[in-house]
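>>> Provided below for reference: sequence and predicted model.
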Amino acid sequence: MLKHQSRLLMAALALVVPAASASTVAAASVRPQAGPWPTPVLRAIHLPPAGVKGRPAGSVPLRVPNPSAYAAQKAAANVAAARLAARASSSARPTAALAPSFVRNWAGQRDTTDAPSDSTGAIGTTRYVELVNSKVAIYNRTSNTPTAAGPLVQLTGCATAGCTESVFDVQVIWDPGTKRFFYAADDIVSSSENLIVFGFSSTATPSLSQSSWCRYSLNFNATFPDYPKLGDTKDFALIGTNEFNGSTFAGSHIAWVTKPPSGSACPAANTFKAGLTGTLKNSNGTPAFTPVAANQTDTSSTGWAVARPISVPSGGATFLTLFKVTKSATGTATIPTTGVSVPVAAYQVPAAAPQPGTAFKLDTLDTRLTQAVSAVDPAHGSVTALWTQHTVFGGAGAQVRWYEINPATHFVIQQGTISSSSLFTFNGAISPDRRVNGTSKMFGGDMVISVNQSSASALAAIKVASKIGANALSALKLIATSTAADTGFDCMTAGSPNLCRWGDYAGASPDPAAPTTGTRGQVWGTSMLSAPGGSASSSGWTTQNFAIKP
């Protein structure tokens, strides 16, 4: 078991200022404490030269704390799934609940040089932002054609003048409080220079122009901050990470940066406060893993992140862990490194998902949570609830378990599974339909969840279900189906032969400008499909965007 003393890390920030201005760089006003982490190195962020796309990330591996233990668990789950397949009969049970309805449904971005897609998105009052590895697209709410699109580095900028680094593991959220989009991503310059690039739109209607985004970086030096998960509170942007020194797991942490003031100008770096928690632990003292900060819909100075334990026993893990985020009297984030437990039904590592016509299977991950949204729920006493999900063993071999948690009491309000005896279900994303736009606050008692499903006879498809109040979860409704099996270069890696990198996550966000005339809000999402063209030199995925009314 890895142990590290608690510590606060000063984050180094670097600013890209508007054209015709000099770059302004300064250390954030946070004092580092003693500890083994190196002091971050300050970096300026440059906009890329015209036509430069950055270095492709290629096949991004799934990093886990104990690879051999995880491989054994995945192998056992695959064997168990094969036994289940011998007696599989019907699909998921039918339900009479009202099915969700489409508001929008259109083809998204794809990139043949990276895998997995890391597809995600966020809806604002006038724009939808889709991020994938390694592209960005910005859409009007009513158009399938982007108003702006290009390489991801056009959004994030580059740490090197020639833009020779790899930018991936993308995240984007809409913040109703500041009426801006926020983003975060990994940026690998070299083995000794690992960054999180972070920023926000200068207005609610960004393009990809230089002045549309304020661009910064946090330097972790030789430590790689894997799997960044972006959330927020009224006061802070939060980025949960799993950190690795080479292949050695070094603990999970939450980085935080104060939010910008109102106005469209990009603040100087020295006006921000920023830091990093100590190594996160569960309430029993064991390490926590993959902290997912919740995207806050109803703004509050109290926020939350949720994680799973580092180890999943053979009998299953039986809790999740919450970490509370508040603002101190000095304006810094207060995040206890020891969280509180949320008891849940036991969950185990899921089996890999088969697909037709190939021995390549799709990666269903390791029970880590992949996104979270917090919002007031008027159907449950107007508590501020946290919605999240993960893929666990069940059904044909993989099923999606979802939760609505009351973080104040550390207990589950409601939970459920999307499961089938004949289809593997994985890569979920969930959001309530809460509408918050200035002082207008509506809905929030209903939810939408998207998943992928596949089998040895069914190509991977995106499907959605909804739940209205206390009613049962609806039947799944088809969004789109893959047009080929995934046979890209990410299926051919030596460390996991015949296992295609999938996901690693999908996106779901509540619509802040949903129509106010109805009884329910809307949820927008992005997810992954496989497509023709996968080979030893090309990935084979695409994405689909959609807006759903529960």
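Yep, that arrived.

>>> Any stretches of the stretch 201-350 of the chain with poor pLDDT?
Counting by pLDDT under 70, the stretch 201-350 of the chain contains no low-confidence segment.

>>> my bad, the chain
Counting by pLDDT under 70, the chain shows low-confidence ranges at 1-44, 86-97, 494-496.

>>> longest helix anywhere in it?
Scanning the chain for the helix with the most residues, using DSSP state H, yields helix 67-85.

>>> How about it, which residues are buried there?
Neighbour-count burial for helix 67-85, with 16 or more other CB atoms under 10 Å as criterion, is recorded at 70, 73-74, 77-78, 81, 84-85. Just so you know, the C-beta spots here come from the backbone N, C-alpha and C atoms, and that holds for glycine as well.

>>> Identify the residues contacting it?
If you take CB atoms under 8 Å, 6 or more residues apart in numbering as the criterion, helix 67-85 is touched by 64, 247, 311-312, 314, 348-352, 361, 366, 393, 395-398, 421, 424, 456, 495.

>>> Weed out the non-buried ones from these.
The neighbour-count test (16+ other CB under 10 Å) applied to the contacts of helix 67-85 identifies 64, 312, 348-352, 361, 366, 393, 395-398, 421, 424 as buried.

>>> From those, pick the one nearest residue 194.
Closest approach between these and residue 194, by CB to CB: residue 64, at 18.1 Å.

>>> on that earlier part again, taking the buried ones among the contacts of helix 67-85, tell me the two that lie furthest apart.
For the buried ones among the contacts of helix 67-85, the farthest-apart pair by CB to CB is 64 and 421; their separation is 28.2 Å.

>>> Over to residue 447: give its phi and psi.
For residue 447, the backbone dihedrals (degrees, to the nearest 10) come out as phi -140, psi 160.

>>> count of neighbours near it?
The tally of other residues near residue 447 (other CB atoms under 10 Å) stands at 31.

>>> What separation do you get for it and residue 385?
In this structure, residue 447 and residue 385 are separated by 10 Å, where distance is defined by CB to CB, to the nearest Å.

>>> Could you do residue 84 as well?
Computed as CB to CB, the residue 84 to residue 385 distance reads 33 Å.

>>> Likewise for residue 531?
When distances are taken as CB to CB, residue 531 and residue 385 turn out to be 36 Å apart.

>>> With neighbour numbers in mind, choose between these two.
For residue 531 versus residue 385, neighbours defined as other CB under 10 Å are more numerous around residue 385 (30 against 19).

>>> my read: the more buried one touches residue 403, true?
No: in this structure residue 385 lies outside contact range of residue 403 using CB atoms under 8 Å: 9.4 Å.

>>> Now do the contacts for the closest residue to residue 114 other than its chain neighbours.
Distances taken as CB to CB, 6 or more residues apart in numbering put residue 133 closest to residue 114, at 3.8 Å, once the chain neighbours are dropped. The neighbourhood of residue 133, defined by CB under 8 Å, 6+ apart, consists of 57, 60, 111, 114-118, 152, 168-170.

>>> can you check residue 393 too?
When the contact criterion is CB under 8 Å, 6+ apart, the partners of residue 393 are 77, 80, 347-351, 399.

>>> now those in a markdown table, with secondary structure?
Formatted as a markdown table, the entries for these read as follows, by DSSP: H, G, I helix; E, B strand; the rest coil:
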| residue | secondary structure |
| --- | --- |
| 77 | helix |
| 80 | helix |
| 347 | strand |
| 348 | coil |
| 349 | coil |
| 350 | coil |
| 351 | coil |
| 399 | strand |
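
>>> Could I get these in a markdown table, plus columns for distance to residue 546?
Output for the contacts of residue 393, formatted as a markdown table (distance: CB to CB, whole Å):
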| residue | distance to residue 546 |
| --- | --- |
| 77 | 30 |
| 80 | 33 |
| 347 | 27 |
| 348 | 30 |
| 349 | 29 |
| 350 | 24 |
| 351 | 27 |
| 399 | 22 |
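
>>> Let's see the longest helix of the chain as CSV, backbone CA atoms only.
Taking C-alpha atoms only, helix 67-85 is exported to CSV below (Å, rounded to 0.1, in the frame of the first residue of the first chain):
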residue,chain,number,x,y,z
PRO,A,67,-1.6,-4.1,-13.5
SER,A,68,-1.1,-7.7,-12.7
ALA,A,69,-4.0,-7.8,-10.2
TYR,A,70,-6.3,-6.0,-12.6
ALA,A,71,-5.4,-8.4,-15.4
ALA,A,72,-6.3,-11.3,-13.2
GLN,A,73,-9.6,-9.7,-12.3
LYS,A,74,-10.4,-8.9,-15.9
ALA,A,75,-9.6,-12.5,-17.0
ALA,A,76,-11.8,-13.9,-14.2
ALA,A,77,-14.6,-11.6,-15.3
ASN,A,78,-14.3,-12.8,-18.9
VAL,A,79,-14.5,-16.4,-17.8
ALA,A,80,-17.6,-15.7,-15.7
ALA,A,81,-19.2,-13.8,-18.7
ALA,A,82,-18.6,-16.8,-20.9
ARG,A,83,-20.5,-19.0,-18.5
LEU,A,84,-23.3,-16.5,-18.4
ALA,A,85,-23.5,-16.5,-22.2
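
>>> Strands of the stretch 401-550 of the chain, start to end?
With DSSP state E, counting those that start in this stretch as the criterion, the stretch 401-550 of the chain has strands at 411-418, 424-432, 435-437, 440-442, 446-455, 458-468, 477-481, 499-500, 507-510, 523-530, 541-549.

>>> which strands and helices sit next to the last one?
Under the contact criterion of 3 or more CB pairs under 8 Å, 6 or more residues apart in numbering; DSSP states H and E, strand 541-549 touches strand 101-107, strand 127-132, strand 446-455, strand 458-468, strand 477-481, strand 523-530.

>>> Heading C-terminal from the second one, find the next helix or strand.
Using DSSP states H and E, the helix or strand that follows strand 127-132 towards the C-terminus is strand 135-140.

>>> residues making contact with that next one?
Here strand 135-140 makes contact (CB under 8 Å, 6+ apart) with 108-111, 126-130, 145-152, 154-155, 206-208, 545.

>>> circling back to that earlier point, so can I have TSV of the buried residues of helix 67-85 showing distance to residue 228?
Formatted as TSV, these follow (distance: CB to CB, whole Å):
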residue	distance to residue 228
70	20
73	24
74	24
77	27
78	29
81	31
84	35
85	36
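
>>> Which of those sits closest to residue 537?
residue 74 (26.6 Å).

>>> So that closest one versus residue 397, what's the distance?
The spacing between residue 74 and residue 397, counted by CB to CB, is 11 Å.

>>> Give the intersection of the neighbour lists for these two.
351-352.

>>> related to what we said a few turns ago, list the residues that are in contact with both of residue 447 and residue 385.
When contacts are counted by CB under 8 Å, 6+ apart, residue 447 and residue 385 are jointly contacted by 404, 432.
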